[in-house]
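Q: What would the 3D arrangement of this be:
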Amino acid sequence: MARRRSTHHRHIHGDIEMQDMETERDPEEEEAKAKQIRDMPTTMSRKREIRAKQRVGKVRALSGIKGCKYSMAMGWKRTKERFNDLMIRLEVWRSSFKEVEGKFGSGIVTYFVFLKWVVFLNLYIFLLWFIFVVIPQAVFVRLLGDDQTTANSTCPYDVSTEADALQYVLDFLQGTGFMELTELFYGYYYSSDLIVEIQGTKINYNMPLAYILIAIAYFTVSLLLMVRHTAKGFRESMANQEDHFYKHCNKVFAGWDYSMTDEKSARLKNKSLHFELTTDLEEERRALRRAKRTACKKFGLYTTRFIINIIVLIVLAGAGYLIYYTTDFALQNKNNPVTDSDILLFLISYLPSITISALNIVVPLIFTALIRFEDYNPEFEVKFTLARTVFLRLASLAVLIASLYPQIVCSASDEDSCGVCQPSNLQCWETYVGQEMYKLAITDFFVVTGTVLLVEFPRKLFVTKCICGVTKAIGQQEFEIPKNVLDIIYSQTICWIGAFFSPLLPCICVMKAFIFFYLKKWSLIYNFLPPSRPYRASRSNSFFMIVLLFSFLLCLIPVGYSIIQIEPSRACGPFRNQTTMWQTVTVTVNDWPSWLQGILDFIFSAGFAVPFLIILCLSLYYYHSIASAHREVVIRLKEQLVMEGRDKQFLLARLQELDPNQGKGHKKRPLDDMKPPPNQPGAAWGGQAAEGSHPNVPLIQD
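A: Residues are numbered from 1 along each chain as shown. Below you'll find the model as predicted:
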């Protein structure tokens, strides 16, 4: 009966609130009304009935144009909600993310989210090149013929396309031979405007200008997407920092999703919460261990870290010298072969790529082994190892490019009549750089695939099927986030540098990343164990983006320098017979109307740049001041919350002292025992208004 009465009262309460809402007919208060319905102390079915009555009453109250507008607005709102639900269901790899998060925690899933983001980034870059450069080139080649690719060139560009089946395979893997005369490489594209007359209509397409603008566009798109994703990650990490003092309560009492009906999803959510709690407890244990370090232990630890950093620098220097030596040897062998065997020549041409890939496998293992002795927390350990390995991989590419630079740019005495440096004899140095990036991408694909199929999978079989002392010593593998993230960053760096010299390289990178996702997911589930040292991954994704942004800025240096400073090859490419690639832009701007040139001159002049910088600095200072004020307000509000919590604890303690039976349950007290309220607030704490009895309640003097 009591339960029925309670349910009846809730329904009456809901009807009363419904009548109150029906008196209000302002469409702008729909959100407030929806919140009011959600906060009603009644059942979900009753809330749905009230919401339906409220909508019907609203439509009846409104007539004519207002009723029509309201119906259209509600229909549009429901359509958007359904569309959002559909987009969530159609999210790429959504089920895979849930499966990985449930079995291995949120830290591992950030790797796959990052990989998905890279897939779509390369897809956007590929579409830019394909639509504005590759398709026009392919169409005009069919209309004008292949001879236009070598037109306007007074220097020869010798490419041998006659070969047997084996040589065709080797040319495909090296990007030489017939591959040089395809849209894959820079040297195949036209060097003049593409003019075709179709049914009296003249079509003019400036291929050099399109090439340089797309190069600028794909770097700009990459930068904007990275900044947007990084800012989103910073907001999430800042939000996660706010629950530092009550994170356990949030996970234990508010971490479960009660709307789940699928048993598999519930198990995955259970495992995900387990990993998060394990991570939190591990962090606190390590913090306590760090707090108990003595001065002697700290001195020994800092000495160990200093020695390990010296070893790391020595390893990096040795790796750089090895890359320089192999690159120089492969380039000399290109002009003066040391053997007649096609297979050996193929291996020598791949020697720089193989060396870089081998170093990328061996050196990170050394870094991972060394950092165990430095005793960092798991999150910082991941970031520091990642930073070291990033430096290794970017330094490897930098050494490779630096080794090619003397063969591309040389003094006038070392050049022939076509501006080709001797003895390297690179008639189209842009295509050669594109070939090196192409070979690095191919090598990276085979290395990652071979590692999964020939190392990780056999190791899992050996450890699980053969039980002996050796297998116990080896043990099963744990998924190393720094190593796998660096594979993505390294592949993306190759794509950014190589896309300018090989416009179809982003397509290869898209296919690589797509295959890597399923390959890594299968290997993670079947070959790896959950990490024994869990770490918090709330800021890992934003840190990955920061590292990728750093590699992006480094990629701008060689590509930008090639565009602005280095003379293009005179025998190939869209910029032949020009002093620099950027000359195409200046020539195009000179053909614009004088008023438009005047606007550009003003924008790039000091009269515009100096005021713009001053306004920008003032704006930054203004927003920095606002952010500082907001931080100060947040600190004061936190202090106020802490003080209120202490007040509650004080009040509960005083009540316990006044009535010891309060904690054992409520009991009725006789009316004779009830005392009148005190005259002063201080008397409530102990019968006497003692001075300073409560810090936040002042005494009232009569």
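
Q: Could you identify the longest helix within this protein?
A: helix 606-658 (DSSP state H).

Q: now that helix: mean pLDDT?
A: Helix 606-658 shows a mean pLDDT of 85.

Q: Stretch 509-521 now?
A: The average pLDDT for stretch 509-521 rounds to 92.

Q: hmm, who's touching that stretch?
A: Residues outside stretch 509-521 that contact it (CB atoms under 8 Å, 6 or more residues apart in numbering) are 93, 96, 100, 111-112, 115-116, 118-119, 122-123, 126, 441, 444-445, 448-449, 452, 484, 487-488, 491-492, 494-495. The C-beta positions use only the backbone N, C-alpha and C, and glycine is treated the same way.

Q: List the buried residues in that stretch.
A: 509-510, 512-513, 516-517, 520-521 (16 or more other CB atoms under 10 Å).

Q: Mind telling me what element the residue most central in space within the chain is part of?
A: When CA atoms, centre = their mean is applied to the chain, the residue found nearest the centroid is Met545 (4.2 Å). Here Met545 sits within helix 540-564, counting by DSSP states H and E.

Q: picking that back up, any idea how far the closest residue to the residue nearest to the centre of the chain other than its chain neighbours is from Leu549?
A: Once flanking residues are discounted, Met545 sits nearest to Thr230: 4.4 Å by CB to CB, 6 or more residues apart in numbering. Distance, Thr230 to Leu549, using CB to CB, to the nearest Å: 7 Å.

Q: tell me the mean pLDDT over stretch 440-447?
A: 89.

Q: so how far is it from its chain's centroid?
A: With CA atoms, centre = their mean, to the nearest Å as the basis, stretch 440-447 stands 22 Å off its chain's centre.

Q: C-alpha coordinates for that stretch, PDB please?
A: Only the C-alpha atoms of stretch 440-447 are listed here, as PDB (Å, rounded to 0.1, in the frame of the first residue of the first chain):
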ATOM      1  CA  LEU A 440      61.100   3.600 -47.400                       C
ATOM      2  CA  ALA A 441      57.300   3.200 -47.500                       C
ATOM      3  CA  ILE A 442      57.600  -0.300 -49.100                       C
ATOM      4  CA  THR A 443      60.300  -1.400 -46.700                       C
ATOM      5  CA  ASP A 444      58.300  -0.100 -43.700                       C
ATOM      6  CA  PHE A 445      55.300  -2.100 -44.800                       C
ATOM      7  CA  PHE A 446      57.200  -5.400 -45.200                       C
ATOM      8  CA  VAL A 447      59.000  -4.800 -41.900                       C
END
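
Q: Can you list the neighbours in contact with that stretch?
A: Contacts for stretch 440-447 (CB under 8 Å, 6+ apart): 173, 350, 353-354, 356-357, 360-361, 487, 490-491, 494-495, 498, 505, 508-509, 512, 515.

Q: Neighbour count says what about the residues you listed? Which are buried?
A: 173, 350, 353-354, 356-357, 360, 487, 490-491, 494-495, 498, 505, 508-509, 512.

Q: Just those residues: which are in strands?
A: Cross-referencing the buried ones among the contacts of stretch 440-447 against strands under DSSP state E gives no overlap.

Q: Leu194 should be in a helix, yeah?
A: No - judged by DSSP: H, G, I helix; E, B strand; the rest coil, Leu194 forms no part of a helix; its state is strand.

Q: which ones are touching it?
A: Each residue near Leu194 by CB under 8 Å, 6+ apart is listed here: 136, 140, 144, 203-207.

Q: which among the residues you listed gets closest to Gly469?
A: Within the contacts of Leu194, the smallest distance to Gly469 is 65.1 Å, found for Pro136 (CB to CB).

Q: Now do the SS call for the nearest residue to that closest one once chain neighbours are set aside.
A: The shortest distance from Pro136 to any non-neighbouring residue, by CB to CB, 6+ apart, is to Tyr205 (5.4 Å). Secondary structure, three-state DSSP: Tyr205 is strand.
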